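**Student:** my questions are about this predicted structure, shown below with the sequence.
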Amino acid sequence: MIRILIVEDSIVVSMLLKAMLSAESDFEVVGHARNGEEGGAPGA
């Protein structure tokens, strides 16, 4: 299983990505962040 953190500032795009990825058995969406800082990106 591939665990995914969606980092996207548009809630509409984020919801669409989550719906598409959740439909696949190989992916698990584990969270959402609006930017790199929230997502824990180094140097953000």
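**Tutor:** Looks like it came in fine.

**Student:** Three-state assignment for the residue most central in space within the chain, please.
**Tutor:** Nearest residue to the geometric centre of the chain (Cα atoms, centre = their mean): I6, 1.2 Å. What DSSP: H, G, I helix; E, B strand; the rest coil gives for I6 is strand.

**Student:** tell me what the helix ranked longest in the chain is packed against?
**Tutor:** Looking across the chain with DSSP state H, the single longest helix is helix 11-22. Based on contacts counted as 3 or more Cβ pairs under 8 Å, 6 or more residues apart in numbering; DSSP states H and E, the elements that helix 11-22 packs against are strand 2-7, strand 27-33. Just so you know, the C-beta spots here come from the backbone N, C-alpha and C atoms, and that holds for glycine as well.

**Student:** could you dump these to CSV with mean pLDDT and distance to M20?
**Tutor:** Formatted as CSV, the helices and strands packed on helix 11-22 follow (pLDDT from 0 to 100; distance: least, Cβ to Cβ, whole Å):
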stretch, mean pLDDT, distance to M20
strand 2-7, 94, 11
strand 27-33, 93, 9
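
**Student:** can you list these in a markdown table and add distance to V13?
**Tutor:** As requested, the helices and strands packed on helix 11-22 are arranged in a markdown table below (distance: least, Cβ to Cβ, whole Å):
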| stretch | distance to V13 |
| --- | --- |
| strand 2-7 | 9 |
| strand 27-33 | 11 |
